[in-house]
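Trainee: sequence first, then the predicted structure, then my questions.
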Amino acid sequence: AQQGAQNGKPTSPCSVYYITNQVGFHCKGVTCVAPDDITITCSDADKVLCTGESTTLTPTKQSSSTQFAQEWYLNNTIISGYPKTTDQAVYTVNGAGTYTIKVYDVENPTLQKCTKTAEIEISEAEKPTVTISGTNDYCYGKETVSPAKFTFTGTAPYTFSYSDGNQTYSNISNSTGTFNPATPSTQGTYTYSVSALSDKYCTASSTNGNAVITIKPVPTAIASNNGPMCAGNAVNLTGSSDQSNARFSWTGPQNYTANTASPVLTSTTTAMSGTYTLTTMLNGCSSTATTSVTINPIPTIKTLTASETEVCSGTEITFAATTDDNGAGTATWTTDESTQTLTSSGLTASLKKNVTTKETIKVTLSYKNADGCEATTKTITVVINPIPAAPTVNDRSYCVDAPSSALTATATGTLNWYGTSATGGTASATA
């Protein structure tokens, strides 16, 4: 007997049929058409679906468009609209999940040997975003890093372009999630914005926001002074800047302060020596410079003495002086004579002069220390008297026991009479 067969042949490639052989055995046989092995190709090579986007899943094309049924599953749940009898069931994906394609012989849907499956995992990623920060004012050259900062969300690496309002920088790569654009090389206002942002998987829909950075000029500071100076003399501090509207401030030793560009130090002392600092300021930016002021001490002539203050013509007078720096400077000796008769060396001097009339001479010592500072002068006065001419004496003769008369003499100055010895004895105004 035969079932499902004509002339001993199956009526369908995958139908059940029976053949009774000559010895009485019944043979049972099932045939079906198996689909080709399946692979699924995703139109998005990384199989990551960006938010709001879709991708296409394409299974291997079968040899017949009527022999096979195809079903798509999402996370093991059949998708509405399937099965479909087709040679290739292309499916558009709008979300993440595990997608499975099942292809089987339409006449034998339950036979495993005539069924093939394949699956693909689709992930979903948020589109990248960027936050631009750093809206502020900065002083030129004072920032060690760029004043602007880009912070990305998404999956690194990132590729983007940005503009600072003056220049555009394209195809920048970043793998850290933050980026500091190059610090501007000139002063001015910079408006930072980002464009063409993409991460490992997705391209940003938009890149809203910007940051405005103003790079302010930093005033230069130049400081100087007209020293060294000797104590008591004024010292001029001089400050300047390349910015005409910069403000100035000075500080220095002994709590010195001033708020003008070029102040003057008056009534100076050695304690005012030291480093003076100039600060220039403009719109919150500042620079400093220093200048070293030296105020040297005024030396002192401690003593000035003479070996004699009144002498006779031709007698040498010696002078000596002492100073508070032990003579390390330069001494200058002068007199009020029309023709100088003084000789000197360092802090000593001598004067020897022949006169015919009495002379009063002022000897002055001027002194400068090694720094060129001059001491207050000292003066000493000496008198040189002329040597008088020998007196004229009138001779006298007397008789023995006769009364005597006074001796007389003619001379300039004071006469002193002596006894029989002109080099000894006691002088007398009369004789």
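Mentor: Arrived safely. Numbers count the residues shown, from 1 in each chain.
Trainee: which residue is the nearest non-sequential neighbour of N283?
Mentor: Among residues not flanking N283 along the chain, K216 sits closest, at 5.2 Å (CB to CB, 6 or more residues apart in numbering). No exception for glycine: its C-beta is placed from N, CA and C like everyone else's.
Trainee: repeat for M281
Mentor: With CB to CB, 6+ apart as the criterion, M281 has its nearest non-adjacent residue at 4.6 Å, and that residue is R247.
Trainee: quick check, the one you found in contact with T280.
Mentor: Yes: using CB atoms under 8 Å, R247 is in contact with T280, at 7.1 Å.
Trainee: higher neighbour count, the two?
Mentor: T280 (25 against 15; other CB atoms under 10 Å).
Trainee: the more buried one against G239, yeah?
Mentor: Yes: checked against CB under 8 Å, the pair T280 and G239 is within contact range at 7.3 Å.
Trainee: shared neighbours, those two?
Mentor: Shared contacts of T280 and G239, defined by CB atoms under 8 Å, 6 or more residues apart in numbering, comprise A221, F248, A289.
Trainee: for T277, see how far away the second one is.
Mentor: Counting by CB to CB, to the nearest Å, the separation of F248 from T277 is 11 Å.
Trainee: so for these two, which sits in the more crowded spot?
Mentor: Set F248 next to T277 and count neighbours by other CB under 10 Å: F248 wins out with 21 against 15.
Trainee: just to be sure, which of the shared contacts of T280 and G239 are found in helices?
Mentor: Among these, DSSP state H puts none in helices.
Trainee: let's have those in a markdown table, adding pLDDT and distance to D36.
Mentor: Shown next, in a markdown table, are those (pLDDT from 0 to 100; distance: CB to CB, whole Å):
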| residue | pLDDT | distance to D36 |
| --- | --- | --- |
| A221 | 98 | 83 |
| F248 | 98 | 89 |
| A289 | 98 | 85 |
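Trainee: what would the residues you listed look like in TSV with distance to W333?
Mentor: TSV is the format used below for the shared contacts of T280 and G239 (distance: CB to CB, whole Å):
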residue	distance to W333
A221	49
F248	48
A289	46
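Trainee: filter those down to the ones in strands?
Mentor: In strands, judged by DSSP state E, the following of these are found: F248, A289.
Trainee: how many neighbours does P253 have?
Mentor: The burial count for P253: 13, using other CB under 10 Å.
Trainee: just give the nearest non-adjacent residue to it, would you?
Mentor: Closest residue to P253 apart from its sequence neighbours, by CB to CB, 6+ apart: G274 at 3.9 Å.
Trainee: my read is that the one you found contacts V293, right?
Mentor: Yes: taking CB under 8 Å as the definition, G274 is a contact partner of V293 at 6.4 Å.
Trainee: compare the two (neighbour count), which wins?
Mentor: V293 (21 against 14).
Trainee: contacting residues for the more buried one?
Mentor: N225, G227, V235, L237, G252, L265, M272, S273, G274, T275, Y276.
Trainee: what's the answer for T335, then?
Mentor: Residues in contact with T335 (CB under 8 Å, 6+ apart) are T341, L342, L351, I361, K362, V363, T364.
Trainee: one step back: can you name the residues bridging to the residue nearest to N283?
Mentor: Listed by DSSP bridges, the beta-bridge partners for K216 are C139.
Trainee: quick one: pLDDT of it?
Mentor: Here, the pLDDT recorded for K216 equals 91.
Trainee: before we move on, what about E126?
Mentor: What the model reports for E126 is a pLDDT of 92.
Trainee: was I right about it contacting D199?
Mentor: No: in this structure E126 lies outside contact range of D199 using CB under 8 Å: 9.3 Å.
Trainee: which of the two has more neighbours?
Mentor: The neighbour comparison of E126 against D199 (other CB under 10 Å) goes to D199, with 24 against 14.
Trainee: about what we covered before: relative to T51, which of the contacts of T335 is nearest.
Mentor: Among the contacts of T335, T364 lies closest to T51 (CB to CB), at 102.3 Å.
Trainee: isn't that closest one right up against A375?
Mentor: No: counting by CB under 8 Å, T364 stays clear of A375, with 11.8 Å between them.
Trainee: which of these two has more neighbours?
Mentor: Neighbours per residue (other CB under 10 Å) separate T364 from A375, with A375 holding more: 20 against 15.
Trainee: OK, contacts around that one?
Mentor: I298, P299, T300, I301, T323, S366, Y367, K368, N369.
Trainee: ok, it to T300 distance?
Mentor: Applying CB to CB to A375 and T300 gives a distance of 6 Å.
Trainee: excluding its backbone neighbours, what's nearest the residue nearest the centre of the chain?
Mentor: With distances taken as CA atoms, centre = their mean, the residue of the chain nearest its centroid is K142 (6.0 Å). Nearest residue to K142 in three dimensions, chain neighbours excluded: V218, at 6.7 Å (CB to CB, 6+ apart).
Trainee: next one: N174
Mentor: Excluding the flanking residues, the one nearest N174 by CB to CB, 6+ apart is Y158, at 4.7 Å.
Trainee: quick one: low-confidence parts of the stretch 251-400 of the chain?
Mentor: Low-confidence regions of the stretch 251-400 of the chain, defined here as pLDDT under 70, do not occur.
Trainee: where do the strands sit along it?
Mentor: 256-258, 264-265, 274-282, 285-293, 295-296, 301-306, 310-312, 316-323, 330-335, 342-345, 348-352, 359-368, 378-385, 392-393 (DSSP state E, counting those that start in this stretch).
Trainee: for S63, which of those strands is the nearest?
Mentor: Closest among those, once you apply CB to CB, is strand 285-293, at 78.9 Å.
Trainee: which of the contacts of A375 are buried, as a PyMOL select command?
Mentor: Selecting only the buried entries of the contacts of A375 in PyMOL, with 16 or more other CB atoms under 10 Å as the criterion:
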select buried, resi 298+299+301+323+367+368+369
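Trainee: mind giving me a markdown table with the contacts of A375 and columns for distance to A34?
Mentor: Formatted as a markdown table, the contacts of A375 follow (distance: CB to CB, whole Å):
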| residue | distance to A34 |
| --- | --- |
| I298 | 119 |
| P299 | 121 |
| T300 | 124 |
| I301 | 128 |
| T323 | 125 |
| S366 | 128 |
| Y367 | 126 |
| K368 | 121 |
| N369 | 118 |
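Trainee: my guess is S405 contacts N394, does it?
Mentor: No: using CB under 8 Å, S405 is not in contact with N394, being 10.1 Å away.
Trainee: what number of residues lie near the residue nearest to K142?
Mentor: V218 has 24 neighbours, counted by other CB under 10 Å.
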